[in-house]
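>>> Sequence isn't available, so here's the structure alone:
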């Protein structure tokens with residue numbers, strides 16, 4: 001699984017928890033001054049994932065406010081951008097004279113090298129917790145014009161639809177289920193996340209041409225793949241349907257996949273077959289007819305399904321199911337939301 005470092009203040013008595021959190025913040029590369037009405041019992045947790053070019057952190061904490069002052073910046077300036085997704089509670093972000101209120105499902109973006117104020121308050125201040133997922137991005141890793149980024153600082157962006165929705169889903173999936181990925185996947189996952197961040201920020205700059213062409217291509221591929229995952233059970237799903245859903249021509253869609261070592265049709269077929277194979281090996285589905293499983297994943301024609309399954313795996317669906325009767329041989333890992341391969 002991906003390597004995760006965790007800080008959990010509840011391992012200490014209530015009176016010592018806020019001090020532990022302050023020590024954690026003081027040791028970070030971009031320390032801040034923290035204030036909280038819950039200093040007498042600060043039950044908080046932070047999970048850190050290093051993904052090559054970016055770091056992802058999942059936070060749970062009581063309501064707090066934080067300030068990064070010029071003095072703290074002079075003491076330590078790692079030159080990082082911060083993109084924060086509020087997942088519960090209400091956040092505030094203020095930088096360069098711009099202030100925004102951030103609701104659950106929204107992003108805010110700011111520069112750790114400039115003074116700023118952020119706050120995050122639980123919707124039930126006395127007993128609830130505020131939660132967020134943030135991405136720490138080195139200035140040098142973000143391929144956008146630095147001189148134009150200031151227009152985004154302290155603002156908010158939606159994480160509910162389009163590229164923002166896909167990025168939010170990506171961050172939640174990675175931070176919530178690191179056990180579904182290999183440690184060797186970290187850098188690749190970080191590159192996917194960086195592409196999505198770049199594309200979302202580029203669109204909010206109202207200058208998508210500022211986003212490098214290859215970054216735009218990879219982000220669109222990720223968006224297309226996520227769409228296929230969501231609709232793979234629809235027998236009508238086809239390259240034409242996918243192209244129309246993304247407002248591009250069929251020819252453009254095929255060009256998009258030229259660097260992926262597969263075609264769109266093959267990607268859809270292989271994902272459907274992988275889902276069928278997974279369900280055929282699932283002992284909980286042992287009583288379901290093969291045809292029912294095939295139809296659930298977009299193969300309404302039993303004969304066609306048998307042919308393509310045999311071509312892919314060298315055996316018939318029924319024979320494969322029978323070969324997995326031994327529980328020790330069953331592999332049934334959940335599929336990743338961002339790749340076509342099962343993640344474990």
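It's in. Here the structure is a predicted model, which is why all the values come from computation and not from measurement. Residues are numbered from 1 along each chain as shown.

>>> list the contacts for residue 267?
225, 228, 257, 260, 340 (C-beta atoms under 8 Å, 6 or more residues apart in numbering). For glycine as for every other residue, the C-beta is placed from the backbone atoms N, C-alpha and C.

>>> Name the residues that touch stretch 220-237?
163, 166, 169-170, 192, 195-196, 241-242, 245-246, 253, 256-257, 260, 264, 267-268, 271-272, 275, 295-300, 335, 337-340.

>>> Give me the buried subset of the residues you listed.
163, 166, 170, 192, 195-196, 242, 253, 256-257, 260, 264, 267-268, 271-272, 275, 295-299, 335, 337-340 (16 or more other C-beta atoms under 10 Å).

>>> Now, those that are in helices?
Of the buried ones among the contacts of stretch 220-237, the ones assigned to helices by DSSP state H are 163, 166, 170, 192, 195-196, 242, 253, 256, 264, 267-268, 271-272, 275, 295-296.

>>> what about residue 252, how many neighbours?
Neighbours of residue 252 under the rule other C-beta atoms under 10 Å: 12.

>>> what's the spacing between it and residue 49?
To residue 49, residue 252 is 34 Å away according to C-beta to C-beta, to the nearest Å.

>>> ok, residue 128 - contacts?
Counted by C-beta under 8 Å, 6+ apart, residue 128 has contacts 88-89, 122.

>>> Just the local confidence number for it, please.
pLDDT for residue 128: 76.

>>> In three-state terms, label it for me.
coil (DSSP: H, G, I helix; E, B strand; the rest coil).

>>> Mind checking the pLDDT average for stretch 98-106?
Stretch 98-106 comes out at a mean pLDDT of 93.

>>> Same check on stretch 261-277?
92.

>>> domain parsing for this protein?
4-211, 233-329 (automatic domain parsing).

>>> How far does the longest one sit from its chain's centre?
Counting by C-alpha atoms, centre = their mean, to the nearest Å, domain 4-211 is centred 13 Å from the centre of its parent chain.

>>> Where does the prediction get shaky in this structure?
29, 125-127, 206-212, 215, 325-344 (pLDDT under 70).

>>> most distant residue from the middle of it?
Here the chain reaches farthest from its C-alpha mean at residue 303, the gap being 37.9 Å by C-alpha atoms, centre = their mean.

>>> Could you check how far that one is from residue 317?
From residue 303 to residue 317 the distance is 11 Å (C-beta to C-beta).

>>> One more: residue 213?
Taken as C-beta to C-beta, the span from residue 213 to residue 317 is 42 Å.

>>> neighbour count winner among the two?
residue 317 (23 against 8).

>>> Would you check that the more buried one makes contact with residue 306?
Yes: the criterion here is C-beta atoms under 8 Å, and residue 317 meets it with residue 306 at 6.1 Å.

>>> What residues of stretch 104-124 count as buried?
Buried residues in stretch 104-124 (16+ other C-beta under 10 Å): 104-112, 115-122.
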